[in-house]
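In: Whatever this is, show me its structure:
(one chain, ligands or ions: 2)
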Amino acid sequence: MKLAVVILAAGQGSRMHSAIPKVLHKIAGLPLLHHVINAARGLQPEQIIVVHGHAGDTVQAACPDPDLIWVEQEQQLGTGHAVQCALPALETRIERVLVLYGDVPLIQPATLRGLLEKSRNGLGLLTLTLDNPHGYGRIKKNKSGSRVLAIVEQKDATPDELKICEVNTGIMALPVEHMENWLSHLSKENSQHEYYLTDVVAMAAEGGVLVQVAQPQEQIEASGVNDRKQLAQLERAKQRMQAEELMLAGVTLQDPARFDLSGQLSHGQDCTIALNVICEGKVTLGDRVQIGANTVLRNVCIADDTKILENCVIEEAEIAAKSQIGPFARIRPGTRLAQATRVGNFVEIKNAQIGQGSKLNHLAYVGDSEIGQDVNLGAGTITCNYDGANKHKTVIGDNVFVGSNSALVAPVKIGPGATIGAGSVISHSAPADALTLTRGQKQIVPHWQRPQKPRDGG
Ligand code: UD1
Ligand code: MG
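Out: Ligands and ions are numbered 1, 2, ... in the order given. I've put the predicted structure just below:
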């Protein structure tokens, strides 16, 4: 059956107390609406139509997919009216419409497929059975409970109807052949003076169209975001779902509740991730990669058997196999580390390539540099890449040894096999295989008096 998904996203979201439209608030780094669009895409529908309200431009700009169809609902006259607004955009070949909410982000394609399957010959409702159904539309059934008769909104329900615990999640599958007719008969005669989409259920039941209900695997799938408290709850739920998926796929998470992923993590076998690790963007781990506690990885590719120790921040970088980074290393965009490199504590690297087996073990800054193989940069080595206006490059050949606390003033080249004496300032190229050092002569001033603090009372 040819399917269109209509996503209702015109509500204001006033309880968010925000200048940002509600559906653009984020869960796992993606706007709520993106999650719903992704779930819709999982069904491979013919069309996805998003009904938006005032902040249409901002919402559209945040979801630039060219195949989305945008419809404006100028005034929010109710969920029925919102679906009515989408009707002119429906292609004639569409046979079914699935209504989703832009602020119900955790809905899963498998649940939606179940609903569509079950309601093949009629109208489908995704419902929940709740201990506390307050606020939701109630599913009214016949005495035996075998047929759905109507949905009654909280504000219109009788005391008996309020006792019903099966509620409407709002997600609904409608047959197009009846839908237009049903929607044209909606009225605002209810306590909220809105056109309720839910009124089509009674019309279907009266017209002999079968109404089928399905339930999601987890309640949280059908939960909406109205305020930031719920946003945080759904964030945790999404993180739990992602963490479970990773563990089932073979990643060890030391504590799944203390791991956050906003983006995509692909991984090989037997990776382990310690506490409070944050992965953002596209993160790729090879086999047996270990990530230490309190580490942030943002758009990073890390190859087999590499260990990232605690408290590292690594961004837009590629790290080859068998390397060891950290603790407390900061690796910035444009860094490429070859196999078996060592980057130790308080080392910052930016836009640099480091050759195989090279070591930067302590307190260094390397920026805009090309460093060969088996190089050892001593503690406190600094590439002075910036002259206040321009960035310059440092090139270091294979097997170079740079003594501690040396400043390499770029642009500068250090030839292969060179040694730089500790404490040097190298502002001209240093030749291969030689020792270059720039220490001044030792000076001795005998009987040197250090400045004295004034004595108390003196
Ligand atoms: C709706 C259902 C209720 C269900 C509940 C689940 C109706 C009449 N009621 O009630 O049975 O239990 O959801 O949360 O449908 N929207 C628009 N345009 C509008 C009005 C709403 O786009 O004119 C969008 C909102 O942005 C939101 C969704 O539709 O994403 C639901 O609207 P909301 O006002 O929250 O409906 P409820 O009163 O909660
Ligand atoms: Mg609501």
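In: residues near the closest residue to Ile426 other than its chain neighbours, how many?
Out: Nearest non-adjacent residue to Ile426, counting by CB to CB, 6 or more residues apart in numbering: Leu408, 5.1 Å away. Yep, even glycine has a C-beta here, placed from its N, CA and C like the rest. For Leu408, the count of nearby residues is 26 (other CB atoms under 10 Å).
In: how about the residues of the protein that lie near ligand 1?
Out: Within the chain, the residues that sit near ligand 1 (CB under 6 Å from any ligand atom) are 8-11, 51, 73, 76-79, 81-82, 101-103, 136-137, 151, 153, 167-170, 196-198, 224.
In: Among these, which ones are in strands?
Out: The members of these that map onto strands under DSSP state E are Leu8, Ala9, Val51, Tyr101, Ile151, Val167, Asn168, Thr169, Gly170.
In: Return the set of residues that bridge with the fifth one.
Out: I take that to be Ile151. Under DSSP bridges, the beta-bridge partners of Ile151 are Ile139.
In: Kindly report the same for the first one.
Out: Under the criterion DSSP bridges, Leu8 forms beta bridges with Val51, Tyr101.
In: Would you mind stating the distance between it and Ala338?
Out: Using CB to CB, to the nearest Å, Leu8 is found at 52 Å from Ala338.
In: now Leu68
Out: Distance, Leu68 to Ala338, by CB to CB: 43 Å.
In: So for these two, which sits in the more crowded spot?
Out: Shown here are Leu68 and Ala338; by other CB under 10 Å, Ala338 has more neighbours (21 against 16).
In: hmm, back to that, next, give me the two most distant ones among the ones in strands among the residues of the chain next to ligand 1.
Out: Greatest spacing in these, by CB to CB: Val51 and Val167 (22.5 Å).
In: Please say which of these two ends up with more neighbours.
Out: Using other CB under 10 Å, the more surrounded residue of Val51 and Val167 is Val51, with 27 against 22.
In: hang on, that one packs against Gly80?
Out: No - assessed by CB atoms under 8 Å, Val51 is found out of contact with Gly80, at 11.7 Å.
In: and Val5, what does it touch?
Out: For Val5, the contact set (CB atoms under 8 Å, 6 or more residues apart in numbering) comprises Ala40, Leu43, Pro45, Gln47, Ile48, Ile49, Val97, Leu98, Val99, Leu100.
In: So it, which state does it fall into?
Out: What DSSP: H, G, I helix; E, B strand; the rest coil gives for Val5 is strand.
In: can you pull up the bridge partners for the residue nearest to Ile426?
Out: Applying DSSP bridges, one finds that Leu408 bridges with Thr383, Ile426.
In: any idea how far it lies from ligand 1?
Out: From Leu408 across to ligand 1, the span is 58 Å (CB to the nearest ligand atom, to the nearest Å).
In: State the number of residues packed around Gln290.
Out: Neighbours around Gln290, by other CB under 10 Å: 18.
In: try the one 3 residues further on
Out: The criterion is other CB under 10 Å. On that basis, Ala293 has 17 neighbouring residues.
In: show me the contacts for the residue lying closest to it once chain neighbours are set aside.
Out: The shortest distance from Ala293 to any non-neighbouring residue, by CB to CB, 6+ apart, is to Ala274 (4.2 Å). Going by CB under 8 Å, 6+ apart, Ala274 touches Gln254, Gln290, Ile291, Gly292, Ala293, Thr295, Glu310.
In: out of the residues you listed, which is most surrounded?
Out: Sorting the contacts of Ala274 by how many neighbours each has (other CB under 10 Å) puts Ile291 first, at 31 neighbours.
In: pretty sure that residue is touching Val300, no?
Out: No - contact criterion CB under 8 Å: Ile291 and Val300 do not qualify, at 10.0 Å.
In: count of neighbours near the residue in the stretch 201-350 of the chain that ligand 1 sits nearest to?
Out: Taking CB to the nearest ligand atom, ligand 1 has its nearest neighbour within the stretch 201-350 of the chain at Gly224, 5.1 Å off. Close neighbours of Gly224, defined as other CB under 10 Å, add up to 17.
In: Thought Leu106 was touching it, still the case?
Out: No - using CB under 8 Å, Gly224 is not in contact with Leu106, being 9.8 Å away.
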